[in-house]
Every structure is written in C-alpha cells, then in structure tokens.
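# sharing a model that was predicted from the sequence below.
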Amino acid sequence: MEILPLLGSFDAVVTDPPYNETSCEWDVWPVGWPAMVARLTDSLWCFGSFRMFWERRDEFADWKLAQDVVWEKHNGSGARTDRFRRIHELAIHLYRGQWEEIHKATPVTMDARKITANRRQKPGHWSDIGNSSFASEEGGPRLMQSIIYSRSCHGYAVNETQKPEGIVAPLLEYAVPPGGAVLDCFAGSGTVLAVARSQGKRAVGIESRESQCDEIVRRLAQRELGF
C-alpha cells in the first residue's frame, strides 16, 4: 500500500491476492488495493475464488468485467463431504476505459484439427462474427479455450498458493505486449516475474514476506539456458 503510489504505469497487472478464506496469518485481504492499481493500469488479471470475488465485489467497482478463465488443477483443495470437491480456481480479466483501447493478443494453441465447417444458419444466440465458414490446418492455431489445465506446484512450491507457470503464461501473453511491463502486487514465489522474463517483458513484484522475497531472488538468479 506504501509502494503502489510510487510506481508508474503498466500495461497490465497480473496478480494472485490473499483470498481471505482461512485463518492463516498471511491470508489477509488488503482493503482498497483494486482501486489503487486502477491508477496504474487499465487491464487487470486477478486470481481468486468465486467466494472471494462475491464478497469483495464492491472493491472492484472501478472495473468492468471482460472475461473469466478457469484453472483446472490435478488436485483439489478442501475435503468437505457436504460439497463438491473443488479442483479449480478462477482468473478474471477486468478493464477500465474503452475495450477497443485495451491491449490483447489473440490466445491460441497449436493443436487444431483439420476440419472445414460450413454453417448456413448460425445458432440464434450467436452474434455476427463475420464469415461463417472456416478451415483449420492440422496442428495449426486454435483459439484457446477458457478452461486451462495445469498441474499445481505440489512437491516443489515455496509458496502456499503458488501458481504454475502454465496458467500464468497465457494471461501475460494476452495482456502484455512484447517489451511491455507487468505488475504483480502479491508476488509470492515470483511466478509472474519469472514468466515475464521468459517472454521478454519487464516486471515489478511486491511481496510483504521477506522469506518469499529471498525465494524470488533465488528463482530469478537461475538464468535460462541458451540453445
């Protein structure tokens, strides 16, 4: 809260705040941070649970919802026998201003199947998306789906809620241009910083626990191998 007013602008904020759902000492929501980062960027990817977003919805009043992504984990959290076992978390994309002015790169995966589809009549709930015929080459680009599977960091995590690079990378690819800058105001283990470096982007991270800052330093000291 002391550092944010000292920073300049960023292409996006990608962050994983405390959900405030446990009694752990570190799991405390800093009231007012969504309004503070609104002064630094017009694009925000924020991890959280539906409960977190529901309970804190008033704090996101300065933002408009663009989309949401589901991170599917290989293991769940919680084992209450009176509820479904939760094996997912959310990342929601929020923005300010005009959507047309927000940077975004079309998210694709290179696993398309060779198929041609012709729709003479599109479903009634579809809007006008232009040409109704499309062709995909085998192994070519395919629009990335909103449910992304990535194994959690069990066995090597240094942070209680550490996110794998596999779920962070597409969010940075989408929201931050090459050479751009991203802010993570809850840096944790430094995943956003590490992914940004691998993508050739600048990053600033803020983390309140010194032990986690030490882990981030060690992680970023491991340079990628050049081939």
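It's in.
# please name the residues that touch residue 178.
199-201 (C-beta atoms under 8 Å, 6 or more residues apart in numbering). Quick note: C-beta positions are derived from backbone N, CA and C, even for glycine.
# distance of it from residue 105?
9 Å (C-beta to C-beta, to the nearest Å).
# swap in residue 143?
Distance from residue 143 to residue 105, by C-beta to C-beta: 12 Å.
# between these two, point out the one with more neighbours.
For residue 143 and residue 105, the more surrounded residue by other C-beta atoms under 10 Å is residue 105, and the numbers stand at 13 against 10.
# need the contact list for that one.
Contacts of residue 105 (C-beta under 8 Å, 6+ apart): 173-175, 177.
# for residue 72, same thing?
By C-beta under 8 Å, 6+ apart, the contact list for residue 72 reads 87-88, 147-150.
# wait, is it part of a strand?
Yes: under DSSP: H, G, I helix; E, B strand; the rest coil, residue 72 sits within a strand.
# may I ask which helix or strand of the protein has the lowest mean pLDDT?
When the helices and strands of the chain are compared on mean pLDDT, DSSP states H and E, strand 133-136 comes out lowest with a mean of 50.
# buried set for the helix or strand hosting residue 218?
Using DSSP states H and E, residue 218 sits within helix 210-221. Applying a neighbour-count criterion of 16 or more other C-beta atoms under 10 Å, one finds 212, 215-216 buried in helix 210-221.
# before we move on, what about stretch 179-191?
Neighbour count says stretch 179-191 has 180-191 buried, by 16+ other C-beta under 10 Å.
# which members of these are the farthest-apart pair?
Pairwise distances across the buried residues of stretch 179-191 peak at 22.1 Å for 180 and 189 (criterion: C-beta to C-beta).
# what number of residues lie near residue 193?
Neighbours around residue 193, by other C-beta under 10 Å: 23.
# now do the contacts for it.
So residue 193 contacts 184, 187, 203, 205, 216, 219-220 (C-beta under 8 Å, 6+ apart).
# just residue 144 next, same as before
Contacts of residue 144 (C-beta under 8 Å, 6+ apart): 107-109, 170.
# equivalent analysis for residue 101, please.
By C-beta under 8 Å, 6+ apart, residue 101 lies in contact with residue 42.
# and it, how far from residue 68?
Residue 101 sits at a distance of 21 Å from residue 68 (criterion: C-beta to C-beta).
# per-domain residue ranges of this protein.
Domain ranges of the chain: 4-107+144-221, 108-143, per automatic domain parsing.
# hey, least reliable of those domains by pLDDT?
Among these, domain 108-143 carries the lowest mean pLDDT, at a mean of 66.
# span of that one from start to end?
In domain 108-143, first residue to last residue: 4 Å (C-alpha to C-alpha, to the nearest Å).
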